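1. What follows is a protein structure lacking sequence information:
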């Protein structure tokens, strides 16, 4: 059976904030908004783009609770449409006062959900847009969907340089519940000023007719006669998989603090990054040894590879331009999460600064992960097996047509893994009947999915057995000929990445390249520095050349590994304000070329996927996964999963024709 519980994290008043790293409560957000509204620059049109915890200094958090943190602060980003200006503010929740306020010139903060939703009404009132739809045979504008996209930074001229902009794309519905992405309106792009909430430009180049088929995917609509899918009904021969933990889960939760087996960590959440892991450490011999101080997805970059009118501007920074935390889903038991589930609610806010509680936004559970380790003595036939299990902490965000699942996994053997699950719908375009797309793949008659790429950057504030760490690149190399008479001897060559300029690296699968983060001041029993290995999974690089807009704005994606000296103000690989910005973030941070040996370092890892769309990706995409692992390398004195007990009660009896069930009972 499945079961569900809720972590007790909500409902605290300001004075009762539990831990310095706990996310802001609804009461705290209301208090921040009240204080900010006392400023003369703020009026009824002011948009609260972001209200988030300003995390205390690292040394203060590490000293807590032996020493109290000095105060609890919130950081606020606002947009004032009347003045076309942006502001940053800091509010002391401890002192109930605004402690800093400044106008930030020449930036565009992330676009709020309310701004995107308002685009639809603005576009629908524009006569040029209505005329373009009429020319395409669309009589009822109510049967349309308008999606707003950020505009990037390239400019054909200077007409719109000082405006806050979004491109509006149009899709046509055919009845209630219809999938709008089956009928995109190609050759039509609308430019909207989000400060003025007005249409400033309509570009209509004409285009192919609307595709003739629906692309529905829900159980009640897949059998519709005009639907373009390979099936017309759901399967009836899938038997249930029942998961049970009759003694409950093996983890303990206290607010946002989690203990599972020997792992200890705190959950965090921000409107921009979404899920954050704090103070991740492994308990051994009565003490918790730190591994990562803070881990979070810092940016997502999704450039499209189609030069057509409605696709050429698509270069989304999904965190910095939208906010993965704002778009987080409320998860469903038995669908998104299966088993003995503990949920955490999160609190975000609207653009009026009012808190919004998203129920069941974070899901946590254990799952069996097959064989953890095994050995069979071939001489005697004796076999010893231990099962692996992992703790799963996950969220899902709906970023337009795409849905991203963010999964952190912790393993019994000390491994940490981060995985992104990509699903949802492709962004579509049209082609004329009988034609094939040049820059994408046909998925239905007249309908195609453009080529595009996804890049994810995770920021890892490493703390391997202490703050002072060093990073080495490791490559497999053949031994020199004089030491290698048979030609098959090889060694693992370590190279210290001593400065930020040196620590900009790409993967090299041919040489088994990986990176070691070590603490040179702490040695294991073998006399080697304790460390963790960053093991790359499948990976790619951007295909866009140097000098292109993608290269200027998302320079972080052109290296898989970056290492920088710790700076609490440097949180985002694409910079603080990537919206309509020519380029910032990691390439700028690393220009300082700070020393990295035996100091407080931050490791940034970029991984991605080139999505050449398949017909099987329509009408909804099967999940694709990308990610990486952090594996202990000399951190322990041996296999840390050696003490996992035997799974005897769950093994099938000898000569049984059927395996045991997950609750230990056996069936025949």
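-> Received it, and whenever you're ready, just let me know what you need. Every value quoted in this text rests on a predicted model; they were computed, and no experiment measured them.
2. From now on I want contacts and neighbour counts done on CA atoms only, so please keep to that.
-> Fine.
3. contact partners of stretch 308-324?
-> By Cα atoms under 8 Å, 6 or more residues apart in numbering, the residues outside stretch 308-324 that reach it are 109-113, 149-152, 169, 186-189, 271-274, 298-306, 397-399, 550, 574-579.
4. and those residues, which of them are in strands?
-> 149, 169, 188-189, 274, 298-303, 397-399 (DSSP state E).
5. got a winner among those for most neighbours?
-> residue 299 (29 neighbours; other Cα atoms under 10 Å).
6. Quick check: beta-bridge partners of it?
-> residue 457 (DSSP bridges).
7. Now do it against residue 546, distance only.
-> Distance, residue 299 to residue 546, by Cα to Cα, to the nearest Å: 20 Å.
8. now residue 378
-> Residue 378 is 56 Å from residue 546, by Cα to Cα.
9. ok, those two, which is more surrounded?
-> When neighbours are counted by other Cα under 10 Å, residue 546 comes out ahead of the other of residue 378 and residue 546, with 12 against 8.
10. list the contacts for that one?
-> Residues in contact with residue 546 (Cα under 8 Å, 6+ apart) are residue 552.
11. Which pLDDT value goes with it?
-> Note on residue 546: pLDDT of 89.
12. can you list the domain ranges for this structure.
-> The record's domain parsing of the chain by automatic domain parsing lists 3-103, 254-379+390-467+498-505+532-632.
13. And those, which one averages the lowest pLDDT?
-> The bottom spot among those, by mean pLDDT, belongs to domain 3-103, with a mean of 89.
14. now the strands for the stretch 351-500 of the chain?
-> Under the criterion DSSP state E, counting those that start in this stretch, the stretch 351-500 of the chain contains strands at 355-376, 383-399, 402-411, 416-424, 429-430, 440-444, 447-450, 452-462, 468-478, 490-496.
15. a markdown table please, covering those and showing distance to residue 625.
-> Below are those laid out as a markdown table (distance: least, Cα to Cα, whole Å):
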| stretch | distance to residue 625 |
| --- | --- |
| strand 355-376 | 17 |
| strand 383-399 | 13 |
| strand 402-411 | 9 |
| strand 416-424 | 5 |
| strand 429-430 | 25 |
| strand 440-444 | 21 |
| strand 447-450 | 19 |
| strand 452-462 | 11 |
| strand 468-478 | 25 |
| strand 490-496 | 29 |
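16. between these, which gets nearest to residue 568?
-> The closest of these to residue 568 is strand 452-462. By Cα to Cα, the value is 9.6 Å.
17. Need the contact partners of the closest one.
-> If you take Cα under 8 Å, 6+ apart as the criterion, strand 452-462 is touched by 291-306, 469, 517, 542, 556-557, 566, 571-573, 600-612.
18. Can you flag which of those residues belong to helices?
-> Within the contacts of strand 452-462, no residue falls in helices by DSSP state H.
19. Filter those down to the buried ones, ChimeraX style.
-> Buried residues among those (16 or more other Cα atoms under 10 Å), as a ChimeraX selection:
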select :291,292,293,294,295,296,297,298,299,300,301,302,303,304,305,306,469,517,542,556,557,566,571,572,573,600,601,602,603,604,605,606,607,608,609,610,611
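20. how far does stretch 427-440 stretch from start to finish?
-> With Cα to Cα as the measure, stretch 427-440 spans 11 Å from end to end.
21. Next: stretch 165-179.
-> End-to-end distance of stretch 165-179 (Cα to Cα): 26 Å.
22. for it, the distance to its chain's centre please.
-> 25 Å (Cα atoms, centre = their mean, to the nearest Å).
23. List of residues touching that stretch?
-> 119, 123, 138, 143-151, 180-185, 188-194, 214-216, 310.
24. sorry, back to before: could you export the ones in strands among the contacts of stretch 308-324 as JSON lines, including distance to residue 498?
-> Shown next, in JSON lines, are the ones in strands among the contacts of stretch 308-324 (distance: Cα to Cα, whole Å):
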{"residue": "149", "distance to residue 498": "40"}
{"residue": "169", "distance to residue 498": "47"}
{"residue": "188", "distance to residue 498": "51"}
{"residue": "189", "distance to residue 498": "48"}
{"residue": "274", "distance to residue 498": "32"}
{"residue": "298", "distance to residue 498": "24"}
{"residue": "299", "distance to residue 498": "25"}
{"residue": "300", "distance to residue 498": "28"}
{"residue": "301", "distance to residue 498": "28"}
{"residue": "302", "distance to residue 498": "31"}
{"residue": "303", "distance to residue 498": "32"}
{"residue": "397", "distance to residue 498": "37"}
{"residue": "398", "distance to residue 498": "40"}
{"residue": "399", "distance to residue 498": "38"}
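25. and of these, the nearest to residue 233?
-> Distances from residue 233 to the ones in strands among the contacts of stretch 308-324, taken by Cα to Cα, are shortest for residue 398, at 26.1 Å.
26. any idea how far residue 48 is from the closest one?
-> Using Cα to Cα, residue 398 is found at 21 Å from residue 48.
27. ok, now residue 589?
-> 27 Å.
28. Compare neighbour counts for those two and give me the winner.
-> Applying other Cα under 10 Å to residue 589 and residue 48 shows that residue 48 carries more neighbours, namely 22 against 18.
29. is it true that that one touches residue 81?
-> No - using Cα atoms under 8 Å, residue 48 is not in contact with residue 81, being 11.2 Å away.
30. got the residue ranges for the helices in this protein?
-> Using DSSP H, the helices assigned to the chain run over residues 26-36, 58-63, 113-124, 127-135, 549-553, 586-589.
31. For residue 359, find the nearest of the ones you listed.
-> helix 26-36 (13.0 Å).
32. Now do the closest one: which elements does it pack against?
-> In terms of contacts (3 or more Cα pairs under 8 Å, 6 or more residues apart in numbering; DSSP states H and E), helix 26-36 is packed against strand 97-103, strand 355-376.
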